[in-house]
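> Could you look at this predicted model? Sequence included:
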Amino acid sequence: MSGSVIYSAIDLTDGFYQILMRESDIPLTAVSTPSGMPLGVARDTAGFEECTGHLQ
């Protein structure tokens, strides 16, 4: 960062939940088993990293 004049700090705490999706896909993004274990896009950290990768 030597010679840089602009620095930034980005808070991505809730960033994962701000990724837009088509309205028609929303019903397909969550699954709940009888034991209550949620599955779906909540486990897609690679997709979130792809969206934020250009910030580096």
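Great, that's in hand.
> alpha carbons only for contacts and neighbour counts from here, please
Will do.
> in this protein, which spans are strands?
30-32, 38-40 (DSSP state E).
> any idea of the mean pLDDT for the first one?
Per-residue pLDDT over strand 30-32 has a mean of 67.
> Next: the last one.
Confidence over strand 38-40, taken as the mean pLDDT, stands at 56.
> what about Cys51, how many residues close to it?
Cys51 has 13 neighbours, counted by other C-alpha atoms under 10 Å.
> Contacts only, for it.
Contacts for Cys51 were tallied using C-alpha atoms under 8 Å, 6 or more residues apart in numbering; there are none.
> Ok, Gly47 next?
Gly47 neighbours (C-alpha under 8 Å, 6+ apart): none.
> Which helix or strand in the chain has the lowest average pLDDT?
Counting by mean pLDDT, DSSP states H and E, the chain has its least confident helix or strand at strand 38-40, which shows a mean of 56.
> in the chain, which spans are helices?
45-52 (DSSP state H).
> how about low-confidence regions in it?
1, 16, 31-45, 56 (pLDDT under 70).
> The same query, at a cut-off of 80, please.
1-2, 7-21, 26-56 (pLDDT under 80).
> Check the gap between Thr52 and Gly15 for me.
9 Å (C-alpha to C-alpha, to the nearest Å).
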